[in-house]
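J.: Here's a sequence, model it:
(2 chains)
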2 protein chains.
Amino acid sequence: MRDVAIVAAGMTKFGELWESSLRDLFVEAASEALANAHADHVDSIIVGNMSAGQFVGQEHLGPLLADHLGMAGTPAMRVESACASGGVALRTAFLEVASGASDLVLAAGVEKMNDGGDVTAILATAADQENEVYHGITFPGLYAMIARAHMGAHGTTEEDLSAVAVKNHHHGALNPRAQFHREVTLQEVMTSSMVAAPLRMLHCSPVSDGAAAVLVCPLDQAKRYTDRPVRIRASASATAPMALADRKDPAFLDAVALSAKRAYQMAGVGPGDVQVVEVHDCFTIAEICCIEALGLVECGKGRDAARSGLTALGGTVPVNTSGGLKSKGHPVGATGIAQAIEIFEQLRGESGPRQVPNAHLGLAQNMGGSGASSVVHILERV
Amino acid sequence: MRDVAIVAAGMTKFGELWESSLRDLFVEAASEALANAHADHVDSIIVGNMSAGQFVGQEHLGPLLADHLGMAGTPAMRVESACASGGVALRTAFLEVASGASDLVLAAGVEKMNDGGDVTAILATAADQENEVYHGITFPGLYAMIARAHMGAHGTTEEDLSAVAVKNHHHGALNPRAQFHREVTLQEVMTSSMVAAPLRMLHCSPVSDGAAAVLVCPLDQAKRYTDRPVRIRASASATAPMALADRKDPAFLDAVALSAKRAYQMAGVGPGDVQVVEVHDCFTIAEICCIEALGLVECGKGRDAARSGLTALGGTVPVNTSGGLKSKGHPVGATGIAQAIEIFEQLRGESGPRQVPNAHLGLAQNMGGSGASSVVHILERV
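T.: Numbers count the residues shown, from 1 in each chain, chains lettered A, B, ... in the order given. Below you'll find the predicted structure:
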């Protein structure tokens, strides 16, 4: 396998972007990445997208978006793993470059969720239709059950769940591309509307539009495009039983742990070696479970991390410096690429007021559904 | 890049399979492939599927199907390029093995179309929603316009369009897994119900359920699984403008020609070197356009190929010996894998009454939408 690097990134602001179509968003993010690399063509395009078929009546995004980018002819396809679609897009691009088949691949993610569809019902198609959704549950309910399980097993409290939102809104307020730019207090989080007990509105990530794109090439060609490439030290994926009821412990995310184990092994590092981390906080309980499964804290100790400041900017391992899904926004197919972009920029020292000092190794973890799929990338400053 | 081989295949019968769910179909095909290779695990699973989200309310097929196959944990994702989803699944598996990242990958395709959805409307999400579908057109109309363009440019007749159906039903009658097992006469085709002039019902592929799966590994490990591996000599993909109106010549499929050119170059062969071919005959006009774009006949001469017997069993280059999409059926996400399986079996001498004598090099071409994406694989007996 060839060593692979990310050499450029582009992304839209995340938010309710009523004036932009899915294709507009993709073209904006992809064009920015291409301009940053001074590149006018690529060998292949991989688009991460969960459900444009349901959200905007459009499948077959590969050729459509290649065409609208002015690159008709270029091989282009969509990959999907629900909210981990961006992560699998980056992994697919990584493998295509690592194989030697392509020298410059555009890995992008895009989702247009605010366009009139029944968002909660569409997102629920990422859960087990026959064994979960048919009975009436959707994602807030599934994550509420995960939260209840974590509370029961580890004594996690509503304050713990809320502290994650406070931290991530603090980070997001420093990120010009985030959907929300305002801080929230513990009190505001804990008194926001109940969605699915114990999860309240401010424990949930928002409905978002947005796109993100990176350019991936062999490490030994990276200097053509940038003087600050970031190496992909590891790219690993795993799955777990789809239905919550089929899992040994609903409070422990096996797919996250397994994808992390594979990534640490591939990179030859451990959780103590990374200085900045993005995790999939679609609900605040998810961040707590993810940092445990990644080994950043002991199992059962995730509840303390945000409150103690461990995972805040200035803490030992800042988590979700971008604001996370909670505050930056969560256009589901774009999220995995946007996470990688946050780490890419942190490692290049481009994160401004969110900068983690001396970050040289970072990790991005992207998850599908209630944790049935997970992708982990470990990135390194070179 | 490592040399890559297909070592085993499995597929369901294609048809209206009301008693089987999408997951049942996948598990049946995948289990057959695994049993044929005496394998009980794989390193990765790639699922080609166009639109389970719309057809059966289920996205996130990677982990769902891995789980139902008894392989929760295994990396698994879905890839989509409309009706070329199976082809891109095989190409993705090929690249993953070629890269060295995985040693045994399951590439599968599945679609469950007969489950109550509005099939024509769902399929139309593979065309350009804003510039085509919004105005009322669906795929029979788009291919009717391609047929009209071909008729105008090359003198193609309704008899020519119909002869493709007669040939492919003849082939399909010999294929136990085909949806239709009956021959049709030119008269029957030419008097079947009009769908979108000049295309009649028997010029159109049917609505189908089904799944197909192959196992892919490095060529130098292939003997662990079979004594008759088939090498993937080339795997190439291309796109073209999505909307018909944006193409130079709607009667010429640029993406097919470009993907073929790349595949021939990768394999170091030309169209005269293949003995058996599967092409994407979603409508009979598509077969005529595809054999021209593949260079099997001169541009404009595709109209004569079926009538003259050139592309029939016993002809110079038998095309769609499986019955093609027309007669074998077209569960859209499964089609690209099923085409590869037909070539795989032909090269192994397993095609019974459909066997092409002494076939050692074959080609499978899979297409998305009205030809905006195309994938070509060239396979070789080793």
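J.: Just the residues contacting the helix or strand containing A:M145, thanks.
T.: According to DSSP states H and E, A:M145 maps onto helix A:139-154. The contact list for helix A:139-154 (C-beta atoms under 8 Å, 6 or more residues apart in numbering or on different chains) reads A:120, A:123-124, A:126-127, A:132, A:156-157, A:161, A:195-199, A:204, A:244, A:249-251, A:282-283, A:285-286, A:288-289, A:300-303, A:369-371. The C-beta positions use only the backbone N, C-alpha and C, and glycine is treated the same way.
J.: List the ones among these that fall in helices.
T.: The members of those that map onto helices under DSSP state H are A:120, A:123, A:161, A:285-286, A:288-289, A:302-303.
J.: Of the residues you listed, just say which sits nearest to chain B.
T.: Taking C-beta to the nearest C-beta as the measure, chain B lies nearest A:L123 of those, at 8.9 Å.
J.: show me what contacts the closest one?
T.: Counting by C-beta under 8 Å, 6+ apart, A:L123 touches A:50-51, A:138-139, A:332.
J.: isn't A:S327 right up against A:E183?
T.: No. Using C-beta atoms under 8 Å, A:S327 is not in contact with A:E183, being 9.3 Å away.
J.: who has more neighbours, the two?
T.: A:S327 (32 against 14; other C-beta atoms under 10 Å in any protein chain shown).
J.: Name the residues contacting each of A:S327 and A:E183.
T.: By C-beta under 8 Å, 6+ apart, the residues touching both A:S327 and A:E183 are A:169, A:173.
J.: coming back round to it: now find how far off-centre the helix holding A:M145 is within its chain.
T.: 21 Å (C-alpha atoms, centre = their mean, to the nearest Å).
J.: Got a PyMOL select line for the buried ones in the contacts of helix A:139-154?
T.: Provided next is the PyMOL selection string for whichever of the contacts of helix A:139-154 are buried by 16 or more other C-beta atoms under 10 Å in any protein chain shown:
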select buried, chain A and resi 123+124+126+127+132+156+161+195+196+198+199+204+244+250+251+282+283+285+286+288+289+300+302+303+369+370+371
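J.: Extract the CA atoms of the helix or strand harbouring A:G333 and return them as PDB.
T.: Element membership for A:G333 (DSSP H and E) is helix A:332-347. Below are the C-alpha coordinates for helix A:332-347, written out as PDB (Å, rounded to 0.1, in the frame of the first residue of the first chain):
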ATOM      1  CA  VAL A 332     -25.300  13.600   7.800                       C
ATOM      2  CA  GLY A 333     -23.400  12.600   4.700                       C
ATOM      3  CA  ALA A 334     -21.000  15.500   5.100                       C
ATOM      4  CA  THR A 335     -20.100  15.000   8.700                       C
ATOM      5  CA  GLY A 336     -17.300  12.400   8.300                       C
ATOM      6  CA  ILE A 337     -15.400  14.600   5.900                       C
ATOM      7  CA  ALA A 338     -16.000  17.700   8.000                       C
ATOM      8  CA  GLN A 339     -14.500  15.900  11.000                       C
ATOM      9  CA  ALA A 340     -11.400  15.000   9.000                       C
ATOM     10  CA  ILE A 341     -11.200  18.600   7.900                       C
ATOM     11  CA  GLU A 342     -11.200  19.900  11.500                       C
ATOM     12  CA  ILE A 343      -8.300  17.500  12.300                       C
ATOM     13  CA  PHE A 344      -6.500  18.400   9.100                       C
ATOM     14  CA  GLU A 345      -6.700  22.100  10.000                       C
ATOM     15  CA  GLN A 346      -5.700  21.500  13.600                       C
ATOM     16  CA  LEU A 347      -2.600  19.600  12.500                       C
END
